[in-house]
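Q: okay, sequence plus prediction incoming.
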Amino acid sequence: MERLNDRLAVAEKAHATLEEALRIKNPTKLERDGAIQRFEYTFEACWKTCQQYLHVVEGRECASPKSCLRGIGEAGILNAEETSAALRMTDDRNRTVHLYHEALAEEIYAHLPAHSRLIGKILRGIRIRMSSACA
């Protein structure tokens, strides 16, 4: 459980940095790209937290971001619509390697507020479930 607590704390801190970047009004291209990079590492911390949560609390194994996010949906932390959104979020994360395409960078940046809300919901759900599991 300690490793799960550590992963969750890291993911929550990463999420806070993403939220900070998204508060910038009219970002420059550099600020936009920085926000996208914060999304990348926040996403990584989030899915790895999901993986650890599923292993420790739910007794399930997953090896990829999509399988872990599906597992979070199956565990009831996300509903079906949110699980679909999480899978699309994974696709956006995978597309960030192509940010040299200006239109793609703008498209992904436009998705970041919704992605951030979804990540927040996942992390809060895991935090609540962990509190219940320890009680």
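A: That came through fine. Residues are numbered from 1 along each chain as shown.
Q: in this protein, what spans have low per-residue confidence?
A: In the predicted model of the chain, residues 134-135 satisfy pLDDT under 70.
Q: change it to 80
A: Within the chain, the segments meeting pLDDT under 80 span 98-100, 133-135.
Q: check it for its longest helix and report it.
A: helix 102-134 (DSSP state H).
Q: look at residue 62 and say how many residues are nearby.
A: Number of residues near residue 62 (other CB atoms under 10 Å) recorded here: 18. All C-beta atoms are positioned from the backbone trio N, CA, C, and that covers glycine.
Q: secondary structure class of it, three-state.
A: coil (DSSP: H, G, I helix; E, B strand; the rest coil).
Q: how close does it sit to residue 132?
A: Distance, residue 62 to residue 132, by CB to CB, to the nearest Å: 21 Å.
Q: give the buried residues for the longest helix of the chain.
A: Within helix 102-134, the residues that count as buried by 16 or more other CB atoms under 10 Å are 105, 108-109, 111-112, 115-116, 118-123, 125-127, 129-130.
Q: which strands or helices does it pack on?
A: Judged by 3 or more CB pairs under 8 Å, 6 or more residues apart in numbering; DSSP states H and E, the packing partners of helix 102-134 are helix 2-22, helix 29-56, helix 65-74, helix 80-95.
Q: out of those helices, nearest to residue 101?
A: helix 80-95 (9.1 Å; CB to CB).
Q: now what about that closest one, what contacts it?
A: Helix 80-95 has contacts (CB atoms under 8 Å, 6 or more residues apart in numbering) with 39-40, 43-44, 47, 65-66, 69-70, 72-73, 78, 104, 108, 111, 114-115, 118-119, 121-122.
Q: using PDB, write out every CA atom in that helix.
A: C-alpha atoms of helix 80-95 as PDB (Å, rounded to 0.1, in the frame of the first residue of the first chain):
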ATOM      1  CA  ALA A  80     -18.600   3.900 -19.500                       C
ATOM      2  CA  GLU A  81     -18.600   7.400 -21.100                       C
ATOM      3  CA  GLU A  82     -15.600   8.500 -18.900                       C
ATOM      4  CA  THR A  83     -13.800   5.300 -19.700                       C
ATOM      5  CA  SER A  84     -14.200   6.000 -23.400                       C
ATOM      6  CA  ALA A  85     -12.900   9.500 -22.800                       C
ATOM      7  CA  ALA A  86      -9.900   8.100 -20.900                       C
ATOM      8  CA  LEU A  87      -9.100   5.800 -23.900                       C
ATOM      9  CA  ARG A  88      -9.200   8.900 -26.200                       C
ATOM     10  CA  MET A  89      -7.000  10.700 -23.700                       C
ATOM     11  CA  THR A  90      -4.500   7.800 -24.200                       C
ATOM     12  CA  ASP A  91      -4.600   8.400 -27.900                       C
ATOM     13  CA  ASP A  92      -3.800  12.100 -27.400                       C
ATOM     14  CA  ARG A  93      -0.900  11.200 -25.200                       C
ATOM     15  CA  ASN A  94       0.400   8.900 -27.900                       C
ATOM     16  CA  ARG A  95       0.100  11.600 -30.500                       C
END
